[in-house]
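Q: Sequence unavailable; structure follows:
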């Protein structure tokens, strides 16, 4: 019985920790929006903007990845 | 003028179709099983190789095997490039030309970011980039995370069908008690926290070293700023607090470096395992392609962040104010 409750709490905790991906999603959307606007106004900067956009996306994605790591730790380690 | 080659309609697509059909047949013969997902790398040897006083026992894990493979791959590339480059030839051809292009792109990037410190920073940036890139791309070797030792477990195992000799085929149906699981010989190197933490420590420590080389001991003013504390009490105090925050952010860099690479690669591994069990035909190839893309991007991000932090360390606050 207690084992089941602990197991359920693990799953709930893993699910709750993924809420943090919300902010990362918004951040990635904003950075892509900015880069696309810049590209459409000034197509010459395409390559430069693309590199920086991917870098920015990777940074925002890292936040979501931390949440994912916490979720994995709850599921597979604890 | 070079004749444009006609695009081969039809040849490549038949290959893809043939491989898809082969996978479908293969899945019927040996259904993929969900391997054990664990964060710590699996140990291949039951007894420790050696024991250190403080650190503890050191086992042969499957990420160590992956690391040796990665080293061999990098050494192989270096050897090929060395053999290909003839003395006196100005233009490198083929594979070595490709590597030259890669290094040139990296060096130009360093120079545009770091300026005159490019020669100091470039080795760290390029080494980290190439190591992480090779570690992530080695997944392309067939059987990388699927061939390994068969181990019996108490629950959650699968049937092991003998295939002659010492070889077993671990496949469905799942056994309630006393089944077997596969412990792969090699597992993605970046899914080991030790590797990513080591790289992060190297990167952050060398950032400090390069900062001291560039600015002298004044570099440490960044971490404990008392220069303005007595001249302007209020703003000096603010500067002190900001500099202490800077120290904390230096430590959080290590954590963020470590978990960014580890999390991305580990999530990819779990995704591959789950998709491989649920939709074993054709779909894992697409996921694999995406994973390779993510691996290359993460290698670039790791290197790029090292480069940017090192470039920031070479130019202190004082120089910035003087320039502007």
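A: Received the coordinates, thanks. Not measured: the values here are computed from a predicted model.
Q: Count the residues that sit near residue B:219.
A: In terms of burial, residue B:219 registers 18 neighbours under the definition other C-beta atoms under 10 Å in any protein chain shown. Glycine gets a C-beta too; all of them are placed from N, C-alpha and C.
Q: does chain B sit close to whichever strand or helix holds residue A:38?
A: With elements delineated by DSSP states H and E, residue A:38 resides in helix A:21-41, which encompasses its position. No: for helix A:21-41 and chain B, the contact criterion (C-beta under 8 Å from any C-beta of the partner chain) is not met; the two come no nearer than 11.3 Å.
Q: Would you map the strands across chain A?
A: For chain A, applying DSSP state E gives no strands.
Q: which residues touch the residue of the stretch 51-200 of chain B found nearest chain A?
A: Closest approach of the stretch 51-200 of chain B to chain A (C-beta to the nearest C-beta) occurs at residue B:109, with a separation of 8.7 Å. With C-beta atoms under 8 Å, 6 or more residues apart in numbering or on different chains as the criterion, the residues that contact residue B:109 are B:304, B:307.
Q: quick one: it from residue A:51, how far?
A: Per C-beta to C-beta, to the nearest Å, residue B:109 is found 9 Å from residue A:51.
Q: which residues does the closest residue to residue B:147 other than its chain neighbours contact?
A: Ranked by C-beta to C-beta, 6 or more residues apart in numbering or on different chains and with sequence neighbours excluded, the top spatial neighbour of residue B:147 is residue B:185, at 6.0 Å. Residues in contact with residue B:185 (C-beta under 8 Å, 6+ apart) are B:44, B:62, B:65, B:147, B:148, B:149.
Q: And residue B:185, how close does it get to residue B:41?
A: When distance is defined by C-beta to C-beta, residue B:185 is 12 Å away from residue B:41.
Q: quick one: the helix or strand where residue B:244 lies near chain A?
A: With elements taken from DSSP H and E, the one containing residue B:244 is helix B:233-278. Yes: among the residues of helix B:233-278, B:256, B:259, B:260, B:262, B:263, B:264, B:266, B:267, B:270 lie within reach of chain A under C-beta under 8 Å from any C-beta.
Q: Include neighbour count and pLDDT when you put those residues into JSON lines, please.
A: As requested, the residues of helix B:233-278 next to chain A are arranged in JSON lines below (neighbours: other C-beta atoms under 10 Å in any protein chain shown; pLDDT from 0 to 100):
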{"residue": "B:256", "neighbour count": "18", "pLDDT": "88"}
{"residue": "B:259", "neighbour count": "21", "pLDDT": "89"}
{"residue": "B:260", "neighbour count": "24", "pLDDT": "89"}
{"residue": "B:262", "neighbour count": "24", "pLDDT": "91"}
{"residue": "B:263", "neighbour count": "25", "pLDDT": "89"}
{"residue": "B:264", "neighbour count": "27", "pLDDT": "88"}
{"residue": "B:266", "neighbour count": "24", "pLDDT": "89"}
{"residue": "B:267", "neighbour count": "19", "pLDDT": "88"}
{"residue": "B:270", "neighbour count": "16", "pLDDT": "87"}
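Q: I'd like those residues as a markdown table, with distance to residue B:143 appended.
A: Formatted as a markdown table, the entries for the residues of helix B:233-278 next to chain A read as follows, by distance: C-beta to C-beta, whole Å:
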| residue | distance to residue B:143 |
| --- | --- |
| B:256 | 33 |
| B:259 | 28 |
| B:260 | 28 |
| B:262 | 23 |
| B:263 | 25 |
| B:264 | 23 |
| B:266 | 20 |
| B:267 | 22 |
| B:270 | 19 |
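Q: Which pair of the residues you listed spans the longest distance?
A: Pairwise distances across these (C-beta to C-beta) peak at 20.8 Å, for the pair B:256 and B:270.
Q: Shouldn't residue B:172 be within a strand?
A: Yes: read with DSSP: H, G, I helix; E, B strand; the rest coil, residue B:172 is one of the residues of a strand.
Q: Tell me which stretches of chain A form helices.
A: Defined through DSSP state H, the helices belonging to chain A, from first to last, are A:2-17, A:21-41, A:46-72.
Q: and among those, the most buried is which?
A: Each of those was given a mean neighbour count from mean count of other C-beta atoms under 10 Å in any protein chain shown, and the largest, a mean of 18, is that of helix A:46-72.
Q: That helix and chain B, any residue contact?
A: Yes: Helix A:46-72 lies in contact with chain B when judged by C-beta under 8 Å from any C-beta; the contacting residues are A:54, A:55, A:58, A:59, A:61, A:62, A:65, A:66, A:68, A:69, A:72.
Q: The third one: what's its closest spatial neighbour, skipping adjacent residues?
A: Using C-beta to C-beta, 6+ apart and skipping the chain neighbours, the partner closest in space to residue A:58 is residue B:301 (4.2 Å).
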